[in-house]
Every structure is written in C-alpha cells, then in structure tokens.
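In: Model the structure of this input:
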Amino acid sequence: MHDDDRRNFLLTSRDLVVGALAAGTLACAAGSGTPSVVNAQTTSASNVAAFGWEINNLGTGGGAVYLPVKNNLVLKTVDVDMSFSPLSPPPQPGFADVLCRGQVSRGGPPSFTGSEVNFFPPASSQFGAPVSFNPGALQIGMDGFAFQDTFLNVILKAWITTEGTASQTARHVQISPSVSLSAGDYIVFTMSGGEITVDAEMQIVMLFG
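Out: The predicted structure follows:
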C-alpha cells in the first residue's frame, strides 16, 4: 500500500469510528471475522441556566431572589461567584460580612422572617441537632439544626479600613448538590449583611438535567 493510500485509509477509518461512536454503536470484527456490535458509552444531555443579582446598598438587613421550577429536574452543579465592596469608607474601621445562601423551598414560594430575610427550610431528618464542645466558655453561635435542601452556605468577611483600601472580598464556589426538584418547587438565593453598607453581588450558573 502506498503512503497516500495508507493515509486515506486511516482518515476514512477514523471518520467511520467517530461517526459510529456518535451514533452510539460500533461494529468490531471478532476473531471469527464476524462483526459484533458494541454499544458506545454516551453522556446524558444536560442544560445550563445562569443569572445574576445584586444589592447595591446592603447593610443591616438582607434580600432574596427565588426562581420557580417549571419541570421536574435534577440540579447537578451550581457555580457561584460572590463579592462585595464598601460603598464609602466607614467612620471607624470594622468587619463587613455577607451571608450567602442557596436553598430549596418545596411545593411553593419561600416564607421569609426578620429584616435579614432569613429563609429556614425544614430540619434534615437524617441528622440530629448540632452539639457544641466549649471547655473554654467561648462565645459560640450556631444554627439549631441542619437545614434540609441547603446547597450553598458561604460567609464573606473583610476588614474595612477608614480609607476603604484593600477592603473588597470575593469567593468562587462550585457545588454538586444532585438534588431532585419537582415542578412547583422554588430555588432560593439570599444575602444578608452586617453594620457596614456594601455593594454585594452573586453570579450563578446552574447545570441541570
């Protein structure tokens, strides 16, 4: 076989193999010369949706955005970029913090409590109440139980100077919750802040199938 013929043969064979894999089957010659069909491994189709939201004067209090789920689906991956920066230097230096949460409200829109716009899903039935160990009599604060269907729970903190320099903070997280959602459920995102007013933002990409 000449070099040109061999090259054409290899290229043609490659195209046939790629086409067969794309179709999901590949015919292979067994030792007897009889072709056997091999099922190619394929990945299930997934969809992507993205949105962003911002609170440009987040101080004491909070806000929320929630999305209705229209069809049954599995939320596979959630990619979130979160950041905040002070709007103006404070009169005294101090910490700014923003609590960012992503949760699921089953069967209807969420109900919020308090000025921080807290949303509390039911307690997970798989875990008991958290127990602290505090021999040094430290000041410990914690949630009273593990929340069901909470897939994002991130706190942003930064020391804000009176000049406002180096006071911004950001986090990027990727979560694989693999949580099943039904039509009529809601995906809930909340941000709550502290004493110092900041501009806070979340950019969210969701992979689902």
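In: drop to CA atoms for contacts and neighbour counts, all remaining ones
Out: Noted.
In: any idea which helix or strand of the protein has the worst average confidence?
Out: Lowest on mean pLDDT, DSSP states H and E among the helices and strands of the chain sits strand 25-29, with a mean of 42.
In: how close does the residue positioned nearest the centre of the chain get to N72?
Out: Most central in the chain under Cα atoms, centre = their mean is V78, positioned 2.2 Å from the mean C-alpha point. Here V78 is placed at a distance of 17 Å from N72 (Cα to Cα, to the nearest Å).
In: thinking again about what came up before, residues touching the residue nearest to the centre of the chain, list them.
Out: Under the criterion of Cα atoms under 8 Å, 6 or more residues apart in numbering, the neighbours of V78 are 174-177, 204-207.
In: nearest to S115, of those?
Out: Distances from S115 to those, taken as Cα to Cα, are shortest for I204 (23.9 Å).
In: you'd agree the closest one is in a strand?
Out: Yes - remark: I204 belongs to a strand, assigned using DSSP: H, G, I helix; E, B strand; the rest coil.
In: Now the nearest residue to it once chain neighbours are set aside: phi and psi?
Out: Nearest non-adjacent residue to I204, counting by Cα to Cα, 6 or more residues apart in numbering: V80, 4.6 Å away. Here is the backbone geometry of V80 (degrees, to the nearest 10): phi -130, psi 130.
In: likewise E163?
Out: Reported as degrees, to the nearest 10, the phi and psi values for E163 are phi -90, psi -10.
In: Okay, and L67 sits in which element?
Out: Element membership of L67, judged by DSSP states H and E, is strand 61-68.
In: Which other helices and strands does that strand contact?
Out: strand 186-193 (3 or more Cα pairs under 8 Å, 6 or more residues apart in numbering; DSSP states H and E).
In: With adjacent residues omitted, what lies nearest to D79?
Out: Computed as Cα to Cα, 6+ apart, the closest residue to D79 that is not its neighbour in sequence is Q174, at 4.3 Å.
In: related to what we said a few turns ago, give the bridge partners for the residue nearest to the centre of the chain, please.
Out: Beta-bridge partners recorded for V78 (DSSP bridges): I175, M206.
In: What of A170?
Out: Beta-bridge pairing for A170 (DSSP bridges): S83.
In: That one: what's it in contact with?
Out: 81-84, 156.
In: out of these, who has the most neighbours?
Out: F84 (26 neighbours; other Cα atoms under 10 Å).
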